[in-house]
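Engineer: Here is my input, please return the structure:
(one chain, ligands or ions: 1)
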Amino acid sequence: MMPDLFSQTEEPRDEVMRLRRELEEANRLYYVENSPTLSDREFDIKMRRLQELETLYPELADASSPTQHVGSDLSDTGKNFKSITHRYPMLSLGNTYSQAEIDEWMSKLPAGAEIVAELKYDGLSISLWYEDWKLVHAVTRGDGIRGDDVLRNILTVKSIPHTVPDTLPRRFELRGEVLLPWESFERLNKEREAEEEPLFANPRNAASGTLKLLDDKEVERRGLTCFLYYMLGEELPGKTHFERMQTVRSWGFPVSDAIKLCKSAEEVTEFINYWDNARKSLPVATDGIVLKVNNLKMQEELGYTAKNPRWAIAYKFPAEKQHTLLKSITYQVGRTGVVTPVANLEPVQLSGTTVQRATLHNEDFVRQLEIAEGDEVWVEKGGEIIPKITGKLNSSGRAGEYRFPETCPVCGTRLVRAEGEAAWRCPNESGCPPQIQGRLLHFVSRKAMNIDGLGEELINLLYEKELVRTTADFYDLQAGRIAALEGLGDKSAAKIIKSIGNSKQVPWARVLFALGIRMVGETTAKKIARRFSSIDLLRAAGKDELTAVEDVGEQIADNIIAYLADPQNTANIERLRQAGVRMEGEKAAEPREDGALKGMSIVISGVFAHHSRDEYKAMIEEYGGKNTGSISGKTTFVLAGENMGPEKRKKAEQLGVRLVGEDEFLAMLND
Ligand code: IVH
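Structural biologist: This is a model prediction of the structure:
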């Protein structure tokens, strides 16, 4: 049984707002962070519920609702890759999960419509622009309207021609899916594991992360592939989709052989049943099939909704599923004190791997599943490689007795749960061993201070021997004390000391990340460090200035303020600074005394064509202005780009705050 995701008591407005928030966040994690938390199925269930509510309560409809736009992979607003407006919007497909839903879709098509069935490849979509017989742009879906031009990286995909014969049409566009084959994905994750870097959840996320890399040599090394599944343009040959795909293949492009022209619903079903099993031996990931109306004229007549074509639909394969015994539930305490329940399972085979542990996320998750030790539970592996418990088969009848521990399983402190949060947390930040050890480990990790030779075991040993209790203690370590530890010697001790010394050169942004402030990840730390060039400036910043930094919301701002207000943290930071750790960055441009924006308080909103948001923020500061996150009576003006949020627009109108466009703004600076 699926857990009940919907509350019985919530007001419709609150539920709509909550679903929009959750879906936007899920979109961001999927498309931008490449680390999904919801399965496609869970995402779709929430999306359908939101659609249902918006239909039932039309007064709650909103043009910016996730039901009205496709998720966006635009991450850098034109910074690393130029953003390009699609010639034809890049939409997504409506999803179905059952034969009945397919039948319903087919019943709405004109009589006698032929259907082309294809595999749904699970990578990310790309649009290839050929002009004058040359590949000139390769654009990601982005937000469906604009995408990033990742041509440089696409040129590393061996099966994609860079030029074509001049007997072909002068201008055409091919759309397809960029994929990282299973084998390359597994190799990449092995390397990442060895480097202590976070693993990609699935080949789709790995492909997406790869395509956004700046180093095309690394992209080439990882080995992306591609399948093309649609051609667009004016006056192109062929009257049907099937014909066109044969033509595109004959031109030398990678078009999958798994394509079938179906004349009846039975033939469609046959295709689905065959590939549901056969796909398991393909070298790339697939997550369903796509059905398209064959006749192009008919496609045109059927047209589009805001998000999807009416002439095509996706059918998602059910996730692979197994049942097994839930032997016990144990609890893990993380670096930030979050206590996570973990299911220990009787080992079971699932999609080629043995599963024996699965996260249960939090108390609510366990309660919704109504599971307890001794139950026979279902384990699934969907688009996520990480297995999940999705329900129970047989009950031991003990679910009612389930109690989340009241105290920390390690240090015994009474756990707390903040309002609105799902997690129970051990508040004993400075005394709970796994939290301290987790922070120490995070501090030395490669993307933070990059101190070699200090793995989990050694950190725990240094902690137990009371040689290191806070991060500043690393800088007081003496080679002799390390060398005396079991399994170590002079040589490794010297290496560690040298690496600790080298870490004093680590730039300010990474030091900030290394501090381990809750929710301040690598990218956020970079953005904060760019805006606040030293720990002292950061400490002096108010909440409004903090939330003006891209990615920093109220919650993160509160975490930063609380962290820097804590006397133990302050003392530790002082000791780090004394030891020579960098608490400031390269000098940013000094604000101009007579800057054109002197004394102005400016809010940035929307997407820009000439510069990135970060560049505009730097300009505002350079010209003496102040960046703020939210519009208030004190706001001088809003620097407004395209697609400015409707909420912000309304607020500006209400308060009579002027909107200044990009060009006008640049003119202000030049005057
Ligand atoms: S057709 C206008 N065909 O699935 C519709 N899409 O969920 C164009 N996909 O964005 C899409 N295999 O990234 C089409 N054979 C296939 C596909 C396919 C994978 C992806 C594509 C699309 C997404 C929709």
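Engineer: Which stretches in the stretch 501-650 of the chain count as helices?
Structural biologist: 508-514, 522-531, 535-540, 543-547, 554-565, 567-579, 613-622, 646-655 (DSSP state H, counting those that start in this stretch).
Engineer: The residue of the chain at minimum distance from the ligand and His611, how far apart?
Structural biologist: In the chain, no residue comes nearer to the ligand than Ser125, which is 3.2 Å away by CB to the nearest ligand atom. C-betas here are computed from N, CA, C, even on glycine. Distance of Ser125 to His611, computed by CB to CB, to the nearest Å: 27 Å.
Engineer: Ok, Ile386 next?
Structural biologist: Using CB to CB, Ile386 is found at 39 Å from His611.
Engineer: next one: Glu429
Structural biologist: Computed as CB to CB, the Glu429 to His611 distance reads 40 Å.
Engineer: next one: Ala557
Structural biologist: 25 Å.
Engineer: more crowded one of these two?
Structural biologist: More neighbours surround Ala557 than the other of Ala557 and His611, with 22 against 18 (other CB atoms under 10 Å).
Engineer: Surely Leu326 forms part of a helix?
Structural biologist: No. Counting by DSSP: H, G, I helix; E, B strand; the rest coil, Leu326 falls outside a helix, being strand.
Engineer: What is the burial count for it?
Structural biologist: By other CB under 10 Å, 24 other residues sit near Leu326.
Engineer: For the stretch 51-200 of the chain, which segments are assigned as helices?
Structural biologist: Taking DSSP H, counting those that start in this stretch as the criterion, the stretch 51-200 of the chain carries its helices at 99-107, 151-154, 182-194.
Engineer: Include mean neighbour count, distance to Lys651 and mean pLDDT when you put those into JSON lines, please.
Structural biologist: Converted to JSON lines, the helices of the stretch 51-200 of the chain look like this (neighbours: other CB atoms under 10 Å; distance: least, CB to CB, whole Å; pLDDT from 0 to 100):
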{"stretch": "helix 99-107", "mean neighbour count": "14", "distance to Lys651": "41", "mean pLDDT": "93"}
{"stretch": "helix 151-154", "mean neighbour count": "20", "distance to Lys651": "39", "mean pLDDT": "94"}
{"stretch": "helix 182-194", "mean neighbour count": "15", "distance to Lys651": "43", "mean pLDDT": "85"}
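Engineer: Please convert these to TSV, extending it with distance to Leu462.
Structural biologist: Formatted as TSV, the entries for those read as follows, by distance: least, CB to CB, whole Å:
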stretch	distance to Leu462
helix 99-107	58
helix 151-154	42
helix 182-194	22
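Engineer: With respect to Asn294, which of these lies nearest?
Structural biologist: Checking those against Asn294 by CB to CB gives helix 99-107 as the closest, at 12.6 Å.
Engineer: Which neighbouring elements make contact with the closest one?
Structural biologist: With contacts defined as 3 or more CB pairs under 8 Å, 6 or more residues apart in numbering; DSSP states H and E, helix 99-107 has these neighbours: helix 265-278, strand 286-293, strand 312-316.
Engineer: looking at these, which is closest to Gly94?
Structural biologist: Nearest of the helices and strands packed on helix 99-107 (CB to CB): strand 312-316, 5.2 Å.
Engineer: how about the residues of this structure near the ligand?
Structural biologist: Residues of the chain that fall close to the ligand, judged by CB under 6 Å from any ligand atom: 91-93, 118, 120-121, 125, 177, 229-230, 290, 309, 312, 314.
Engineer: Pull out the buried residues from those residues.
Structural biologist: Buried members of the residues of the chain next to the ligand, scored by 16 or more other CB atoms under 10 Å, are 91, 93, 118, 120-121, 125, 177, 229-230, 290, 309, 312, 314.
Engineer: how about Leu393, phi and psi?
Structural biologist: Dihedral pair for Leu393: phi -100, psi -50, per degrees, to the nearest 10.
Engineer: so how many other residues sit close to it?
Structural biologist: Using other CB under 10 Å, Leu393 has 10 other residues around it.
Engineer: Could I get the contacting residues of it?
Structural biologist: For Leu393, the contacting residues are His323, Asp375, Glu376, Val377, Trp378, by CB atoms under 8 Å, 6 or more residues apart in numbering.
Engineer: what's the span of stretch 184-204 from first residue to last?
Structural biologist: Terminal residues of stretch 184-204 lie 12 Å apart, using CA to CA, to the nearest Å.
Engineer: can you give me the offset of it from its chain's centre?
Structural biologist: Between the centre of stretch 184-204 and the centre of its chain there are 15 Å (CA atoms, centre = their mean, to the nearest Å).
Engineer: got a list of contacts for it?
Structural biologist: 34-36, 122-124, 179-182, 206, 209, 222-223, 284-285, 383-386, 445-447.
Engineer: repeat for stretch 445-463
Structural biologist: So stretch 445-463 is in contact with 195-197, 433, 436-437, 440-444, 468-469, 474, 477, 482, 485-486, 488, 492, 495-496, 499-500, 502-503, 506, 510-511, 513-514, 522, 581, going by CB under 8 Å, 6+ apart.
Engineer: what comes up buried for stretch 615-632?
Structural biologist: Buried residues in stretch 615-632, defined by neighbour count with 16+ other CB under 10 Å: 616-629, 631.
Engineer: Now the two most distant members of the residues you listed.
Structural biologist: Across the buried residues of stretch 615-632, no pair lies farther apart than Glu622 and Ile631, at 22.3 Å, counting by CB to CB.
Engineer: still on that earlier bit, show me which of the contacts of Leu393 are buried.
Structural biologist: The neighbour-count criterion (16+ other CB under 10 Å) marks His323, Asp375, Val377, Trp378 among the contacts of Leu393 as buried.
Engineer: Among those, which one lies nearest to Glu173?
Structural biologist: Distances from Glu173 to the buried ones among the contacts of Leu393, taken as CB to CB, are shortest for Trp378 (43.1 Å).
Engineer: I'd like the distance from stretch 142-154 to the chain centre, please.
Structural biologist: That offset, for stretch 142-154, works out to 17 Å (CA atoms, centre = their mean).
Engineer: ok, the closest residue to Gly624 other than its chain neighbours to Ile620 distance?
Structural biologist: Distance criterion CB to CB, 6 or more residues apart in numbering; nearest residue to Gly624, sequence neighbours excluded, is Gly595 at 2.8 Å. Per CB to CB, Gly595 is found 9 Å from Ile620.
Engineer: which residue ranges form the helices in the stretch 201-350 of the chain?
Structural biologist: Using DSSP H, counting those that start in this stretch, helices in the stretch 201-350 of the chain cover 203-211, 216-222, 241-250, 265-278, 296-302.
Engineer: Please identify the deepest-packed of these.
Structural biologist: Ranked by mean neighbour count, the helices of the stretch 201-350 of the chain are led by helix 203-211 with a mean of 25 (mean count of other CB atoms under 10 Å).
Engineer: Please work out the average pLDDT along that one.
Structural biologist: Helix 203-211 carries an average pLDDT of 92.
Engineer: what stretches of the protein score poorly on pLDDT?
Structural biologist: Scanning the chain for pLDDT under 70 picks out the ranges 1-9, 74-79, 194-197, 351-353, 382-385, 587-591, 593.
Engineer: which residues in the stretch 351-500 of the chain form helices?
Structural biologist: For the stretch 351-500 of the chain, helices defined by DSSP H, counting those that start in this stretch occupy the ranges 363-369, 433-444, 456-464, 479-483, 490-502.
Engineer: now the angle from the last one to helix 567-579?
Structural biologist: Orientation check (axes from the mean of the first three to the mean of the last three CA atoms, to 10 degrees): helix 490-502 against helix 567-579 gives 100 degrees.
Engineer: May I have helix 490-502 as PDB, with CA atoms only?
Structural biologist: C-alpha atoms of helix 490-502 as PDB (Å, rounded to 0.1, in the frame of the first residue of the first chain):
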ATOM      1  CA  ASP A 490      56.600   8.500  11.600                       C
ATOM      2  CA  LYS A 491      56.000   8.500   7.800                       C
ATOM      3  CA  SER A 492      52.300   8.700   7.800                       C
ATOM      4  CA  ALA A 493      52.300  11.100  10.700                       C
ATOM      5  CA  ALA A 494      54.600  13.500   8.800                       C
ATOM      6  CA  LYS A 495      52.300  13.300   5.800                       C
ATOM      7  CA  ILE A 496      49.300  14.200   7.800                       C
ATOM      8  CA  ILE A 497      51.000  17.100   9.500                       C
ATOM      9  CA  LYS A 498      52.100  18.400   6.100                       C
ATOM     10  CA  SER A 499      48.600  18.100   4.700                       C
ATOM     11  CA  ILE A 500      47.200  19.900   7.700                       C
ATOM     12  CA  GLY A 501      49.800  22.700   7.000                       C
ATOM     13  CA  ASN A 502      48.800  22.800   3.400                       C
END
